[in-house]
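Undergrad: Just a sequence and a predicted model for now, questions to come.
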Amino acid sequence: MKFDFKDSIKQLADQEGNIIVTAKGDALVEMPSTNDTEFEVTQTKIKVECKKISSELIGEVKKQIHEYSNQMSTCLASLRDVAALPNIEGLKNSVQLDTNNYLNQSSQKFTQLIIEYWTAEKAKNLFLQEKGMTSESSDAPISTKAHYMILLSYAVIETILNVFLFNSALSMPDALMLSSAISVLNIGPAVMVGNYLRNVNGSIETRKYLAIMFLFVWGFFTIWMNTAVSVYRSYLTSQEALISNTSILSQNLINSPRVAEIFSSDAFSLFLFKMPPIKDALSMCLWLIGILAAIVACWKGYSSDEKLPELGKLNRNFNEKKEEYILFEKEVRENVASYYQKHISLIKSAQSKFESNYRDYKSAAQLITEKISDYVSKNKEIIGKYEILLKAYRNENKKWRKSPPPDYFKEINFDLEVEEDKLNFENYSKLNMDANLNDVQSLYNEKIEVLNEISSEFYNYVEKLNEQLEIKINDFHQNASQKFIKPF
């Protein structure tokens, strides 16, 4: 069972009442006798109980002081360990080897990215020279994705508006299907024509003429289709009361002779300088929405890239290769820096270990001092209880006995006689502990000073390695220039 000092002291104090009763009984039979020099049973029992508590306390304190003492010895051994200091020459050789191996592995890719970057730059500049343009361009977008996302939003908006306009004449599924088809036919060809229209800025005559021809064909198609669907909506609205809500689109778009007439005759009215038979304002709005969406989509297709065909592609390729090269150079520098940091962390780890050992040594020394102080206090408490119990017995015994008490009743020395178990506090005196702490602090300061010198020397070496890194990167450029001659 684990020793509990407070519980043991309490149990000892609880015996006082029984001891007083026993003392009275002993006095009535004249015990102990006047000539006795030894404790009778009750006083002996008191001494044994107190001695037992004192011995258990000493055993517990010895065990804990032994643990703290071992901790101090371990920490001191670690502080004295010369091998715990990093070898500066070993650090230098290791970091240079790691750096050189990594740079040698990266050299081929680095050189290749430089050549690809220069090749893309050359292709762009040669194109600009052929067109008589400067190397600066303000029309090249970073990405064409944003343009096409906008076009998609136009298609969605047009579809929603068309569904609203057709919903009064068609069922919702039919209105959605027809509106989606109209949006695709308005915006899809418009984007392709606008994209190809940039060829009018180029130098190839055939492509110029084709671009203009496609523009006219697209314009004709757009007007024809939007006129047809607007007349068709007007026709559906006028016949709304007579049309069933089921399968309206298939019945009227495919089977009705009137629908065939709309797409084959009425849709060409504008080209014959006639007003198409659009009878309501919403159908006219449908026509305007379709024409506007087609024009905007065509312009977006035209402006989604450089006005000169191929220039946007060349610019994007140049920017992509440049970014790849810059990012890889950044990656190389960061990885080299990580090798430096890995070795610097060894120095910091050694410093952290010395700090931890020094801190733990001081902590253990403090705990030993506190434990001894606690022991002295508790031992005084045990002796105090021992004295109280003996006095209680003797006073009660003298009160009831007729013969004089033994002479030892007058003694005031209440020694428990546990010399063989007493702690040797000499090694842990304040003087010795302070001296040991001063020695350990001096040793710790010495180690930290050496570590600072190692750290300073290694940082200076890292500066030289950084200079070598710049030379190595310049060598990559020289190696690339031998494989690729820049004509500009």
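TA: Structure's in. What do you need? Numbering: from 1, shown residues only.

Undergrad: wait, F458 sits on I344?
TA: Yes: counting by Cβ atoms under 8 Å, I344 is a contact partner of F458 at 6.9 Å. All C-beta atoms are positioned from the backbone trio N, CA, C, and that covers glycine.

Undergrad: could you give the mean pLDDT of the longest helix along the chain?
TA: Using DSSP state H, we find that the single longest helix of the chain is helix 311-400. On average, the pLDDT along helix 311-400 is 89.

Undergrad: next one: it to chain centre, how far?
TA: From the chain centre to the centre of helix 311-400 is a distance of 24 Å (Cα atoms, centre = their mean, to the nearest Å).

Undergrad: just how off-centre is stretch 189-197 within its chain?
TA: On the basis of Cα atoms, centre = their mean, stretch 189-197 sits 46 Å off its chain's mean C-alpha point.

Undergrad: What of stretch 401-409?
TA: Counting by Cα atoms, centre = their mean, stretch 401-409 is centred 84 Å from the centre of its parent chain.

Undergrad: Find me the pLDDT at N445, would you?
TA: 93.

Undergrad: tell me what the helix or strand hosting it is packed against?
TA: Under the criterion of DSSP states H and E, N445 resides in helix 430-483. Where contact means 3 or more Cβ pairs under 8 Å, 6 or more residues apart in numbering; DSSP states H and E, helix 430-483 is packed against helix 41-80, helix 88-130, helix 311-400.

Undergrad: okay, the ones you listed in JSON lines with distance to F5 and mean neighbour count next?
TA: Listed next are the helices and strands packed on helix 430-483 as JSON lines, based on distance: least, Cβ to Cβ, whole Å; neighbours: other Cβ atoms under 10 Å:
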{"stretch": "helix 41-80", "distance to F5": "6", "mean neighbour count": "17"}
{"stretch": "helix 88-130", "distance to F5": "53", "mean neighbour count": "16"}
{"stretch": "helix 311-400", "distance to F5": "6", "mean neighbour count": "16"}
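
Undergrad: quick one: which of these is nearest G219?
TA: Taking Cβ to Cβ, helix 311-400 is the member of the helices and strands packed on helix 430-483 nearest to G219, at 24.8 Å.

Undergrad: helices and strands around the closest one, which ones?
TA: helix 5-13, helix 16-28, helix 41-80, helix 88-130, helix 430-483.

Undergrad: Tell me what angle it forms with helix 88-130.
TA: Comparing the axes of helix 311-400 and helix 88-130 via axes from the mean of the first three to the mean of the last three Cα atoms, to 10 degrees yields an angle of 150 degrees.

Undergrad: K430 and N436, how far apart?
TA: 11 Å (Cβ to Cβ, to the nearest Å).

Undergrad: who has more neighbours, the two?
TA: More crowded of K430 and N436, by other Cβ atoms under 10 Å: N436, with 16 against 10.

Undergrad: Am I right that that one is in contact with A365?
TA: Yes: using Cβ under 8 Å, N436 is in contact with A365, at 7.0 Å.

Undergrad: Could you name every residue contacting both of the two?
TA: M72 (Cβ atoms under 8 Å, 6 or more residues apart in numbering).

Undergrad: hang on, the earlier thing: can I get the helices and strands packed on helix 430-483 in TSV with distance to A211?
TA: Below are these laid out as TSV (distance: least, Cβ to Cβ, whole Å):
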stretch	distance to A211
helix 41-80	82
helix 88-130	19
helix 311-400	16
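
Undergrad: Just tell me which of these ends up closest to E463.
TA: Of these, nearest to E463 by Cβ to Cβ is helix 311-400, at 10.2 Å.

Undergrad: Test my guess that S234 contacts C285.
TA: No: in this structure S234 lies outside contact range of C285 using Cβ under 8 Å: 11.2 Å.

Undergrad: so where's the stretch 201-350 of the chain shaky on pLDDT?
TA: 202-203, 239-256, 309 (pLDDT under 70).

Undergrad: try 90 this time
TA: Within the stretch 201-350 of the chain, the ranges that satisfy pLDDT under 90 run 201-209, 211-212, 215, 223, 225-287, 289-291, 293-321.
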